[in-house]
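1. sequence first, predicted model second:
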Amino acid sequence: MAEGFDIDHLAKLARLSLTAEEKALYSSQLNQILGHFQALAEADLPATIDDARVVNEAALRSDEPGPVLGAEAVTRIAPASRDGQISVPRVVDDES
Amino acid sequence: MSTPPSDWEVVIGLEVHVQLHTRAKVFASSPWGFGKEPNEQVDPVVLGLPGTLPVVNREAVEKSILFGLVVGASVPEHCSWDRKNYFYPDNPKNYQLTQKDFPVVVGGQVEIELPGASRNVMGEHKFIRIHHAHLEEDVGKLSHAGSGSLVDYNRAGVPLLEIVTEPDLRSSAEAEAFLRSLVAMLTQAGVADCDMEKGQLRCDCNVSIRRRGVEKLGTRTETKNLNSISSVRDTVIYETARQIRELEAGRSITQETRGWNAELARGYVLRDKEDAHDYRYFPDPDIPTLKISRETVARLAKLVPESLYDRQRRYVEKLGLPYTAASVLVNDRALAEWFELAVAAHPTNPSGIANLVANDLLRDLAASAGTAGAFDETAPPAVSLASCPIKPAQLAGLVKLTDDGVISKQQAKEVFTEMFKTGQDAAAIVDAKGLRQNSDTGELEKIVQEVIADPAVAKSIAEYRAGNEKAINALKGPIMKRTQGKANPVLIDQLLRKFLG
């Protein structure tokens, strides 16, 4: 099976620095894992209801508002924030 | 540009995202509402923090089922939730909880009414099929500032019903009519408030074109995140023209996702098919499959209001209302029910009541609404009848006074204005102002005879006697003037004919 990934890119995303030997080893292991998923994906299975995990409406929550964390607590767990909002690198799904 | 050359047919399908009317979020107990400070309506479940589990809000499920019943859909035995995986900062968990395989609503249809040739003529009716509707969570809101973006998760986790139509719409006018009808259905059943200014209804619009008579659908584009009915209309017009231009120039349509710039009134490409996301859907392991009991369905079925156009047909056919008044009343359920209470109190003249409600009452309510908390998020989008100073039975009383000839229609308008100001009964105002029309025959007979004797009207009398029926009207003015408008017009007419005949 052809590699469906770029090991250097994956290593970069995971913030790992890998030796050439490690890259070869992990590439081969990842390929094996992906092969298993490939096999699963190829199985033509219709969506079914799993009777073992069906609940009735008693398992629903009532529409009662509960406590909130507050903006201070929410932004504290983010690496960066500004004016009560979480600050992230610019992402624009917009006309450019 | 708004109408494509007749050779081409446009095919439109809509995905309408509606925030459901609930107090808490769909899988968390965090409250939600418009106009709060950023990130003040967020709890650990919304953020998907470790150790938290989503639990489905009953009200959100029931509102979804109610929508299904409103559009005549089948309510399935089960529904379940799936994870839609994607990485974008508006999404705190890196997946959105949605329903892929077993949505809460399957099928159904929405009746629409197209604009008529003029405002008082009813247009064509059509049914637009619903493919399904699924209950999911809304995502957070991004704003862009300089080199960075800011994230507010207040909207994340708000219950969102995504209503997906079949590709049944054939023009921008049909898309517009569909959305208006859908909004009326959703608000009248209390499923959603659909306040577009607050982003409570947003639309993705699929457009393709094909040669007329060809059955095979053309390649479609999807324009995402349209937040007003006019944006949907403009997108359809724009996209239809663009696709025709492409195909007629010998190019092909690319299956792509597009955005809409409402300010510049133009679309733009967001991403093409190659960049299409693979969302790697799988059943959410945290939320068990829900069995929907038939008892719940039966209970909710009782909450389904009379449909917009069933009501309109009833008003026109059974109550004899003009289409213009009927179409205004049915758009607002509270107003229609108010009207019906008035009709119950005075059943012989529904049109008279309808005209006062659709014209005078609506006008005065709209004028007084301007001052009362326009930014109140709990206020319904339509005019508020809750603070209406006139009760239905009081309006019925006013129409009855007119019908009985106690006051003229002109005077009724004056009395109405006073009623709206003071909340008093029509009869009390009529008495206090001395408006009661003079039905004292003796006194009126004298005035009529005096007027007839006046040489100034001799010509009109001669004409009337020569067979010109209308000439009699020239005599009524002077009589009304001498009675200061209080004479009963029916009685004047009778007396004139008696003395002149």
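-> Happy to help now that I have it.

2. what is the neighbour count of residue 13?
-> I went with chain A, as the question did not name one. 9 (other C-beta atoms under 10 Å in any protein chain shown). (Each C-beta comes from the backbone N, C-alpha and C, glycine too.)

3. chain B is the one I meant
-> Neighbours around B:G13, by other C-beta under 10 Å: 21.

4. now swap in B:A432 and tell me
-> Residues near B:A432, counting by other C-beta under 10 Å, number 11.

5. how close does it sit to B:A487?
-> The gap separating B:A432 from B:A487 is 20 Å, by C-beta to C-beta, to the nearest Å.

6. same question for B:L161.
-> For B:L161 relative to B:A487 (C-beta to C-beta), the value is 60 Å.

7. spell out which parts of chain A neighbour chain B.
-> Contact residues (C-beta under 8 Å from any C-beta of the partner chain) of chain A with chain B: A:47, A:49-50, A:53-57, A:59-71, A:74-75, A:77, A:82-95.

8. please check the residues you listed and keep the buried ones.
-> A:49, A:60-61, A:63, A:65, A:68-71, A:74-75, A:84-88 (16 or more other C-beta atoms under 10 Å in any protein chain shown).

9. so which of the residues you listed belong to strands?
-> Secondary structure from DSSP state E places A:85-88 of those in strands.

10. now B:A426, nearest residue through space, not along the chain?
-> B:L398 (3.8 Å; C-beta to C-beta, 6 or more residues apart in numbering or on different chains).

11. count of residues packed around that neighbour?
-> Neighbours of B:L398 (other C-beta under 10 Å): 27.

12. for A:D44, same thing?
-> Count around A:D44 with other C-beta under 10 Å applied: 5.

13. thinking again about what came up before, need the contact list for the residue nearest to B:A426.
-> B:356, B:412, B:415-416, B:419, B:426 (C-beta atoms under 8 Å, 6 or more residues apart in numbering or on different chains).

14. are any of these buried, and which?
-> B:356, B:412, B:415-416, B:419, B:426.

15. nearest to B:A325, of those residues?
-> B:L356 (9.6 Å; C-beta to C-beta).

16. the closest one looks like it's in a helix, true?
-> Yes: assessed by DSSP: H, G, I helix; E, B strand; the rest coil, B:L356 belongs to a helix.

17. how near is it to chain A?
-> With distances taken as C-beta to the nearest C-beta, to the nearest Å, B:L356 is found 39 Å from chain A.

18. my read: that residue touches B:G397, true?
-> No: with contact defined as C-beta atoms under 8 Å, B:L356 does not reach B:G397; the gap is 11.4 Å.

19. low pLDDT regions in chain B?
-> B:1-6, B:273-276, B:369-383, B:437-440 (pLDDT under 70).

20. mind telling me which residue is nearest the centre of it?
-> B:A184 (3.8 Å; C-alpha atoms, centre = their mean).

21. these two touch, right, it and B:L335?
-> No: in terms of C-beta under 8 Å, B:A184 does not count as a neighbour of B:L335; the distance is 11.8 Å.

22. related to what we said a few turns ago, any idea which of the buried ones among the residues of chain A next to chain B is closest to B:Q41?
-> A:V68 (5.8 Å).

23. who does B:R258 bridge with?
-> Counting by DSSP bridges, B:R258 forms beta bridges with B:T223, B:V269.

24. that one: neighbour count?
-> That count, for B:R258 with other C-beta under 10 Å as the rule, works out to 23.

25. other SSEs contacting the longest helix seen in chain B?
-> If you go by DSSP state H, chain B has its longest helix at helix B:229-248. If contacts are counted by 3 or more C-beta pairs under 8 Å, 6 or more residues apart in numbering or on different chains; DSSP states H and E, helix B:229-248 sits against strand B:8-19, helix B:172-188, strand B:201-211, strand B:221-226, strand B:256-261, strand B:266-272.

26. cutoff 7 Å now
-> strand B:8-19, helix B:172-188, strand B:201-211, strand B:221-226, strand B:266-272 (3 or more C-beta pairs under 7 Å, 6 or more residues apart in numbering or on different chains; DSSP states H and E).

27. of all these, which one comes closest to B:P285?
-> For B:P285, the closest of these is strand B:8-19, at 25.2 Å, according to C-beta to C-beta.

28. where does chain A dip in pLDDT?
-> In chain A, residues with pLDDT under 70: A:1-3, A:92-96.

29. wait, what's in contact with B:E445?
-> Going by C-beta atoms under 7 Å, 6 or more residues apart in numbering or on different chains, B:E445 touches B:L495.

30. check the secondary structure at it for me.
-> At B:E445 the chain is in helix, as set by three-state DSSP.

31. please tell me how far it sits from B:K498.
-> B:E445 is 9 Å from B:K498, by C-beta to C-beta.

32. before we move on, what about B:V430?
-> B:V430 is 27 Å from B:K498, by C-beta to C-beta.

33. contacting residues for B:V61?
-> B:V61 touches A:60, B:104, B:135, B:290, counting by C-beta under 7 Å, 6+ apart.

34. list phi and psi for B:L160.
-> phi -130, psi 120 (degrees, to the nearest 10).

35. with adjacent residues omitted, what lies nearest to it?
-> B:D138 is the one closest to B:L160 (C-beta to C-beta, 6+ apart), at 4.4 Å.

36. after whichever strand or helix holds B:G442 comes which helix or strand?
-> Assigned by DSSP states H and E, B:G442 falls within helix B:441-453. Downstream of helix B:441-453, the next assigned helix or strand under DSSP H and E is helix B:458-465.

37. got the contact list for that following helix?
-> Contact with helix B:458-465 is made by B:452, B:471-472, B:474-475, B:500, as judged by C-beta under 7 Å, 6+ apart.

38. give me the buried entries from those residues.
-> Here, 16+ other C-beta under 10 Å leaves B:452, B:471-472, B:474-475 buried among those.

39. and B:E246, how far from chain A?
-> 19 Å.

40. now B:R170
-> Distance from B:R170 to chain A, by C-beta to the nearest C-beta: 28 Å.

41. show me where chain A has helices.
-> According to DSSP H, the helices that chain A contains are A:7-13, A:20-42, A:71-76.

42. residues of the stretch 401-501 of chain B that sit close to chain A?
-> Nowhere does the stretch 401-501 of chain B come near chain A, counting by C-beta under 7 Å from any C-beta of the partner chain.

43. so what's the residue in the stretch 401-501 of chain B positioned nearest to chain A closest to, chain neighbours aside?
-> Residue of the stretch 401-501 of chain B nearest chain A, by C-beta to the nearest C-beta: B:G423 (35.9 Å). Excluding the flanking residues, the one nearest B:G423 by C-beta to C-beta, 6+ apart is B:P389, at 4.1 Å.

44. counting neighbours, what do you get for that neighbour?
-> Using other C-beta under 10 Å: B:P389 sits among 14 other residues.
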